[in-house]
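J.: quick one: sequence and predicted model below, then my questions.
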Amino acid sequence: MKWSRIGFVAMIGSIAVLSLALTRHRSAEAGPQAAATDVRIRRVETSLRPVTLGAHEPPLALDLPKLMQLYRVPAVSIAVIDNYEIAWAKGYGVTEAGGTESVTTHTLFQAGSISKPVSASGALKLVEQGKLSLDEDVNKKLVSWKVPENEFTKDQKVTLRRLMSHSGGLTVHGFPGYAAGEPVPSVVQVLNGEKPANTNPVRVFFVPGTKSEYSGGGITIEQLLMQDVTRKAFPALMQELVLGPVGMNESTFEQPLPGQRVGFAASGTYASGKVVPGKRHVYPEMAAAGLWTTPTDLAKFAIEIALSRQGKANHVLSESMAKQMLTPQFDTVGLGFFLNDAKNPVWFGHGGSDEGFQAQLVMFLDGGQGVAIMADSDNGIRLGNFLMESVAKEYAWKTVPFKPSADDLLLVVANAKGADAAVAKYDELKKSQPGEIHENTLNGLGYAFLSADQITDAIVVFRHNVAEYPQSWNPYDSLGEAYMRAGQKELAIQNYEKSIELNPKNQNGIEMLKKLKRP
C-alpha cells in the first residue's frame, strides 16, 4: 500500500544536470568582501556530504547540481542569514522541469506550512491591537462560522493560543489544495467539509489544551477569526499587518496567484519529475498553506522575529509578544513556530509542503544565523537537508537543525546505482543507524521506483522488505501491487492473499484481489 505524499514521498531516475541560475542577491558588497562571499557560496555548493557505497567503492561525491539531478528538483533557491543580515541569496535551476527560464532570487515559490508562523505574527499583532485575545473562546469573536460544540468542549474551549500551538483539539492535518480548473470552496465550506471542499469537516476531537496535535484545520479557523474581527480579506490584511511592515515586497497570500505575479512563479514538480498539472494548486486555506514568497523575504521575516524578541525591532511585534511567540506553549510548539527543545530552545523554524513545492526556514534565537530554502519539488526537503548541513558547516553553526536522514541517503544511492546497491545500503544503515530504519524505509523506496516506472527495481526492494518484515501485512500488499504492475498476476494474487491473511481489514488488498480474480 502506498504511503501518503505528506509522509514518505520519493523518486529516482536520471536526468541531465540542471542549469545554475545566474543571479544572486547580496547587500552592498564590493571587492575583497564580495570575493570572500563567493568563496563561501562555492564551498556550500560543492561540500555536500558524500554518500558511502560500501567497503569496496569510493564514496559518491555530491555537489548541488548533482543532487538536484538525483532528486529531480528543477529549482532551488536559498537565502543564508549571518549576523542578523542576509549574507547572500542565490537561485539554481529552471522555473519548470524541461524549461529554460533560469531561477532568480525573485522567483516565487509556495511556502506551504511556513505560511502558519507568518499568519501567526499577524494574529498576534491583532492581539496587541486589542482586537483579539489569546485565551478567549474563539466563538466569542467568530461571526461567519462557529466551532461546533461537543463533549470535548464542555469545560475547555478552543482559543487563539491553542490554535497557534496546535493544542486546540482540532481535526484535518493538512490540505491538498485544488488543481487548476477545479472549483475552489470558501473558507466556511472548508471548515464544514462541504463540496467543493476536498477535506473532512474541521471538528474538535479531543479536549482542547490537553495535548498538541498538528492541525491545519485549526489554522484555518485562525484565518477566519482574523477576517471576521477586521472585516478584511486575508491577503490584504496580511499585507497590512506583516508583509508590508517587514519589507516582504515579493510575497503575497493571494490565491490563486494574480496575473501580474504568475510570470515570477515556479511550477510545482512531483517527486517523479513531472510537472503538477496546471503548474500549481490553489489554497483557500491561506493562513495554513497559501503564502507565495522567496527565501529572501522569509529570511527578512525570521530576522525580524529574532530581533523583536531582543527588543531591537518592532515592525510587527513588541519584545514581549515576540518572546511569547518563541516560548514553547506545548512540548516544542510555540505560537506559530516550532522550537528544537521544550526547556532550552536554541532555534525556531518551520517546514512547508504544498503540491509540488517544499521549503524550510530555520533561525537561531541568538547569534543571528539562519537559512531559508525553497524548491519546486516534492523532494525539496530531502535536498534541503543536505544543503542546510553544508551551510551549517560553512558558517560554524552551534548545531545542525536538519541533516540527511537514512531515507534521504537511500534515495541518492538508489538513483545513482540502482536497486541492488540501494538494498545493500539499507543493510548497512540498518547496522549503523538502526533507529532510523523501519518498515516504511524500504516501502517508500519501492514506491519511488514505481513512480519512475522502474517496476523490476521496485520488486527487488519490496521483496527485500517482505524478507525483513515477514509478519507485517503492508510489505506483501506493496509487493502485490508491483507484481500487478509487472503483469505477473499469480504472484500478485499470492502476495495480496498473504497480506489479507495477516490483516483481514486490509481493504486495499481485498479490492485488488477482486479485480485480479475477476473473469
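T.: Yep, it's here. If you're wondering where the values come from, they're calculated on a predicted model, not measured in any experiment.
J.: CA atoms for contacts and neighbours, from now on please.
T.: Noted.
J.: buried residues, stretch 330-349. List them.
T.: Neighbour-count burial for stretch 330-349, counted by 16 or more other C-alpha atoms under 10 Å, picks out 330, 332-340, 342, 345-349.
J.: closest one of those to Ala197?
T.: Lowest distance from Ala197 to these (C-alpha to C-alpha) belongs to Gly336, with 24.5 Å.
J.: please name the nearest non-neighbouring residue to the closest one.
T.: Spatial nearest neighbour of Gly336, excluding adjacent residues (C-alpha to C-alpha, 6 or more residues apart in numbering): Pro117 at 4.0 Å.
J.: quick one: the one you found and Leu339 touch, right?
T.: No. With contacts defined as C-alpha atoms under 8 Å, Pro117 does not count as touching Leu339, sitting 11.9 Å away.
J.: where in this protein is pLDDT low?
T.: 1-30 (pLDDT under 70).
J.: care to break it down by domain?
T.: Structural domains assigned to the chain are 112-375, 418-517, following automatic domain parsing.
J.: in TSV: those domains, plus distance to Leu64.
T.: Formatted as TSV, the domains of the chain follow (distance: least, C-alpha to C-alpha, whole Å):
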stretch	distance to Leu64
domain 112-375	13
domain 418-517	20
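J.: would you mind finding the most buried of these?
T.: Of all the domains of the chain, domain 112-375 carries the top mean neighbour count, a mean of 21, counting by mean count of other C-alpha atoms under 10 Å.
J.: surely Val190 is in contact with Pro201?
T.: Yes. Between Val190 and Pro201 a contact is recorded at 6.9 Å, counting by C-alpha under 8 Å.
J.: circling back to that earlier point, centre of the chain to whatever helix or strand the residue nearest to Gly336 lives in, how far?
T.: According to DSSP states H and E, Pro117 maps onto helix 115-128. Its chain's C-alpha centre and that of helix 115-128 lie 20 Å apart, by C-alpha atoms, centre = their mean, to the nearest Å.
J.: name the next helix or strand downstream of that helix, please.
T.: Assignment by DSSP H and E places the next element after helix 115-128 at helix 160-164.
J.: packing partners of that next one?
T.: In terms of contacts (3 or more C-alpha pairs under 8 Å, 6 or more residues apart in numbering; DSSP states H and E), helix 160-164 is packed against helix 216-230.
J.: that older thread, angle of the helix holding Pro117 against helix 216-230?
T.: Interaxial angle, helix 115-128 versus helix 216-230 (axes from the mean of the first three to the mean of the last three C-alpha atoms, to 10 degrees): 40 degrees.
J.: for helix 115-128, output the C-alpha coordinates as CSV.
T.: In CSV, the C-alpha atoms belonging to helix 115-128 read as follows (Å, rounded to 0.1, in the frame of the first residue of the first chain):
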residue,chain,number,x,y,z
SER,A,115,2.5,30.3,6.0
LYS,A,116,1.5,29.4,9.5
PRO,A,117,4.1,31.4,11.5
VAL,A,118,3.8,34.3,9.2
SER,A,119,0.0,34.2,9.7
ALA,A,120,0.5,33.8,13.5
SER,A,121,2.5,37.0,13.6
GLY,A,122,-0.4,38.8,12.0
ALA,A,123,-2.8,37.3,14.6
LEU,A,124,-0.5,38.3,17.4
LYS,A,125,-0.4,41.9,16.1
LEU,A,126,-4.2,41.9,16.3
VAL,A,127,-3.9,40.8,19.9
GLU,A,128,-1.6,43.7,20.6
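J.: who's in contact with that helix?
T.: 132-134, 164, 219, 222-223, 226, 238, 241-242, 286-291, 301, 316-317, 321, 335-337, 350, 352 (C-alpha atoms under 8 Å, 6 or more residues apart in numbering).
J.: make sure Lys398 is indeed in a strand.
T.: No. Using DSSP: H, G, I helix; E, B strand; the rest coil, the assignment for Lys398 is coil, not a strand.
J.: enumerate every residue touching it.
T.: No residues are in contact with Lys398 under the rule C-alpha under 8 Å, 6+ apart.
J.: ramachandran angles for it?
T.: phi -70, psi -20 (degrees, to the nearest 10).
J.: repeat that for the one 4 residues further on.
T.: Backbone torsions for Phe402, taken as degrees, to the nearest 10, come to phi -140, psi 130.
J.: touching, it and Ser390? I think so.
T.: No. Counting by C-alpha under 8 Å, Ser390 is not a contact partner of Phe402; they are 10.5 Å apart.
J.: of these two, which one has the most company?
T.: Ser390 (21 against 17; other C-alpha atoms under 10 Å).
J.: how close does that one get to Asn506?
T.: 43 Å (C-alpha to C-alpha, to the nearest Å).
J.: hang on, Ile373 in a strand?
T.: Yes. Under three-state DSSP, Ile373 sits within a strand.
J.: excluding chain neighbours, what is closest to it?
T.: Ile78 (4.5 Å).
J.: show the contacting residues for that neighbour.
T.: Counting by C-alpha under 8 Å, 6+ apart, Ile78 has contacts 89-91, 295-296, 371-374.
J.: same deal with Gly384?
T.: For Gly384, the contacting residues are 359-360, 373-374, by C-alpha under 8 Å, 6+ apart.
J.: rerun that using 10 Å as the cut-off
T.: 76-78, 358-360, 372-375, 390, 402-404 (C-alpha atoms under 10 Å, 6 or more residues apart in numbering).
J.: just the CA atoms of the helix or strand hosting it, as CSV, please.
T.: Taking DSSP H and E as the definition, one finds Gly384 inside helix 380-394. Extracted in CSV, the C-alpha atoms of helix 380-394 (Å, rounded to 0.1, in the frame of the first residue of the first chain):
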residue,chain,number,x,y,z
GLY,A,380,12.7,19.8,-1.9
ILE,A,381,13.2,19.0,1.8
ARG,A,382,15.4,16.0,1.1
LEU,A,383,17.7,18.2,-0.9
GLY,A,384,17.3,20.9,1.7
ASN,A,385,18.6,18.6,4.4
PHE,A,386,21.9,18.2,2.5
LEU,A,387,22.1,21.9,1.8
MET,A,388,21.3,23.0,5.3
GLU,A,389,24.1,20.7,6.6
SER,A,390,26.5,22.3,4.2
VAL,A,391,25.5,25.9,5.3
ALA,A,392,25.8,24.9,9.0
LYS,A,393,29.4,23.6,8.4
GLU,A,394,30.5,26.6,6.4
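J.: alright, I will stop here.
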